[in-house]
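Undergrad: When you get a sec, could you give me coordinates for this:
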Amino acid sequence: VSAVTQDKKDKAWSQLGTSGSGNHFVEFGVLTLEQADLGLAAGRYLALLSHSGSRGTGAAVASHYSKLAMRLHPELPSEWMHLAWLDLHSAEGQEYWSAMQLMGKYAAANHELIHRAIASHLAADVLLDLATHHTFAWRASPGGEDVIVHRKGAMPAGPGVLGIIPGSMGTPGYVVRGK
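TA: Model (predicted):
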């Protein structure tokens, strides 16, 4: 959808279905339901949790458009340059929006392939598949005004919206529902 995604296409294909490094992981845990919920009966279930994102291509997209936004806003003080933006009514903003949406689809496909491969190797039936985006932007209308909400390391939590809060190094993760 853009020069940067075209340039990184081969890298993206080669990394599809891999978890990567840094804070990316795949781990097993236990999902405990005290009462029937999520289409499952009360009980304990083996759970698989992964965090993989859009890999190197997503980082390249973010870096490219962040630098472009900074160049387009030289009026910002240096300490605010990382708050630069692209107007969604501009060609650059529309290109970025398309590239970011593509990276969101890529991250979802990556998650799906990782989980599908592990379930296949274990000959396990998948009873529930829950995926959430974080560090992404969504269209929203708080108070009736159309805006873009960017969440760094966070996900939407509207009423009834399911999400995942992963644990860290021995602490439990949580499946949550927005209030």
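Undergrad: Give me the contacts around the helix or strand of the chain with the lowest mean pLDDT.
TA: Counting by mean pLDDT, DSSP states H and E, the chain has its least confident helix or strand at strand 147-151, which shows a mean of 83. If you take C-beta atoms under 8 Å, 6 or more residues apart in numbering as the criterion, strand 147-151 is touched by Leu88, His134, Thr135, Phe136, Ala137, Trp138, Arg139, Ala140, Ser141, Pro142. The way it works is simple: take the backbone N, C-alpha and C, and place the C-beta from them, glycine included.
Undergrad: swap in stretch 83-95?
TA: By C-beta under 8 Å, 6+ apart, stretch 83-95 touches 1-2, 65-66, 68-70, 72-73, 76, 96-97, 148.
Undergrad: same deal with stretch 152-172?
TA: Against stretch 152-172 from outside (C-beta under 8 Å, 6+ apart): 29, 38, 49, 51, 130, 132-136, 138, 173-179.
Undergrad: contacting residues around the residue most central in space within the chain?
TA: Here the mean C-alpha position of the chain is nearest to the C-alpha of His133 (C-alpha atoms, centre = their mean), at a distance of 3.0 Å. Each residue near His133 by C-beta under 8 Å, 6+ apart is listed here: Gly104, Ala107, Ala108, Met155.
Undergrad: 10 Å - rerun?
TA: By C-beta atoms under 10 Å, 6 or more residues apart in numbering, the residues touching His133 are Gly53, Ser54, Met103, Gly104, Ala107, Ala108, His111, Arg151, Ala154, Met155, Pro156, Gly163.
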